[in-house]
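Engineer: return atomic coordinates for the entry below.
(one chain, ligands or ions: 1)
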Amino acid sequence: MIQHDVSLLPYNTFHLQATADSLCEIKSAADLGVLYNEGKLHQPMLILGGGSNIVFTRDYEGLVLLNRVPGRTIIQEDEENVLVELGGGENWHACVQWSVNQGWGGIENMSLIPGTVGAAPVQNIGAYGVELKDVFHSLIAFDMHTGMLRTFHYSDCHFGYRDSLFKNKGKGRYFILQVLLKLNKKPAVHTRYGDIQAELAAMGVSNPGIKEVAEAVIAIRRSKLPDPAELGNCGSFFKNPVVDSALADHLQEEYPELKRFEAGPGRTKLAAGWLIEKAGWKGFRRGAVGVHSRQALVLVNYGGGTGAEIRQLAQDVQQSVLEKFGVQLEMEVNIV
Ligand code: EPU
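Structural biologist: As a prediction, the model looks like this:
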């Protein structure tokens, strides 16, 4: 069941070459139980879902666990809601489409996000005004320190913007087997995000349901974001920075068109893509890597680029945005 010296090329959407000492596909808690009892879980380990948020800068000297746990089960339902349990290895977008086709609302704004269900809570994925935490009920994980199953409810997960316990204190410890989502059978659509309104208008839709919202999101993403199957990338490479509103006010004096959003008392979120574009990086290419020409928040690998080249480009972008705007960009992706 454990393979040795495995190329990670098929397992990361940046299409980076790296070799793992060992790799094991996990389909159930029982698979992990066997590894635990054999003492195989006491070594450096990396859990991979769709590999859509990771940059390999070197070979991986440890065990890669591929989350391939399947399953889509209705746990409970009434007239208003349905509680579904999704296997951590399920493809996220396929689950969104399944949900939309059943008429269950809640995750349609997160259509076409690459990756797996198990990775969704880790970085609290989000798009177009909705985050995973908005529909999250609970999750079941295998604790690799104790060999026991553990249920995490909403408050246990410490969700934040692209953040959770599983990215911090619990990093690498919990293997997410199932995620339970509470979906709505009488869904209200979320169309406040400007791009969605514009896209629906362009589609000629005046009274959208979840299906139309999903279609609009898919169209927007296809127009801005590169398809990882065609061009290596990890979606947004950086988080949108949250800064003191005083700094945002100061910047806005010089740049009246600054993109800003309220983020709590005295705090303002800035659009990292806008900052990077203004710093002159949009469409920049260095060898086989670059900054995407339609969305500056996305770094791309044109083919044959290395993780080290991507990391260097990211650091140069960070440095330049810091010098120009006094804003420190934080990477969203995991660098290994
Ligand atoms: N903008 C620019 N230039 C650019 C990119 C963006 O000026 O090159 C401006 C846009 O015009 C807009 C603002 O920045 O006014 C925000 O842009 P956009 O709506 O494209 O969203 P984003 O803030 O760049 C975030 C998420 C995306 C998510 C979109 C839509 C983060 C780090 N990224 O991007 O998530 O799809 O909002 O909700 O929060 C991802 O996490 O991988 C991801 C793609």
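
Engineer: helices or strands up against the helix or strand where L63 lies?
Structural biologist: Secondary structure assignment for L63, by DSSP states H and E: strand 60-67. For strand 60-67, the packing partners by 3 or more CB pairs under 8 Å, 6 or more residues apart in numbering; DSSP states H and E come out as strand 19-26, strand 45-48, strand 174-184. Just so you know, the C-beta spots here come from the backbone N, C-alpha and C atoms, and that holds for glycine as well.

Engineer: try 6 Å
Structural biologist: Under the contact definition 3 or more CB pairs under 6 Å, 6 or more residues apart in numbering; DSSP states H and E, strand 60-67 sits against strand 19-26, strand 45-48.

Engineer: got the angle for that strand vs strand 19-26?
Structural biologist: Orientation check (axes from the mean of the first three to the mean of the last three CA atoms, to 10 degrees): strand 60-67 against strand 19-26 gives 20 degrees.

Engineer: quick one: mean pLDDT for strand 60-67?
Structural biologist: Computed over strand 60-67, the mean pLDDT rounds to 97.

Engineer: pull the distance from the helix or strand just after it to the chain's centre.
Structural biologist: Of the helices and strands lying after strand 60-67 in sequence (DSSP H and E), the nearest is strand 72-77. Here strand 72-77 shows a centroid-to-chain-centroid distance of 24 Å under the convention CA atoms, centre = their mean, to the nearest Å.

Engineer: low pLDDT regions in the stretch 151-300 of the chain?
Structural biologist: Filtered on pLDDT under 70, the stretch 151-300 of the chain yields no residues whatsoever.

Engineer: which residues touch K324?
Structural biologist: A279 (CB atoms under 6 Å, 6 or more residues apart in numbering).

Engineer: assign a three-state SS to it, would you?
Structural biologist: helix (DSSP: H, G, I helix; E, B strand; the rest coil).

Engineer: same question for G283.
Structural biologist: Classified using three-state DSSP, G283 is coil.

Engineer: hang on, the earlier thing: the helices and strands packed on strand 60-67: which one's closest to the ligand?
Structural biologist: strand 45-48 (16.7 Å; CB to the nearest ligand atom).

Engineer: strands paired with that closest one, and their directions?
Structural biologist: The pairing partners recorded for strand 45-48 under DSSP bridges are strand 60-67 (parallel).

Engineer: contacts for the strand it pairs with, please.
Structural biologist: Contacts of strand 60-67 (CB under 6 Å, 6+ apart): 20-26, 43-49, 88-89, 116, 118.

Engineer: CA atoms only: put that strand into PDB for me.
Structural biologist: What follows is strand 60-67 as a C-alpha-only set of coordinates in PDB (Å, rounded to 0.1, in the frame of the first residue of the first chain):
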ATOM      1  CA  TYR A  60       9.800  15.500   0.200                       C
ATOM      2  CA  GLU A  61      11.700  13.400   2.700                       C
ATOM      3  CA  GLY A  62       8.800  11.800   4.400                       C
ATOM      4  CA  LEU A  63       5.400  10.200   3.900                       C
ATOM      5  CA  VAL A  64       2.800  11.800   1.700                       C
ATOM      6  CA  LEU A  65      -0.800  10.800   2.500                       C
ATOM      7  CA  LEU A  66      -3.200  11.200  -0.400                       C
ATOM      8  CA  ASN A  67      -6.700  11.900   0.800                       C
END
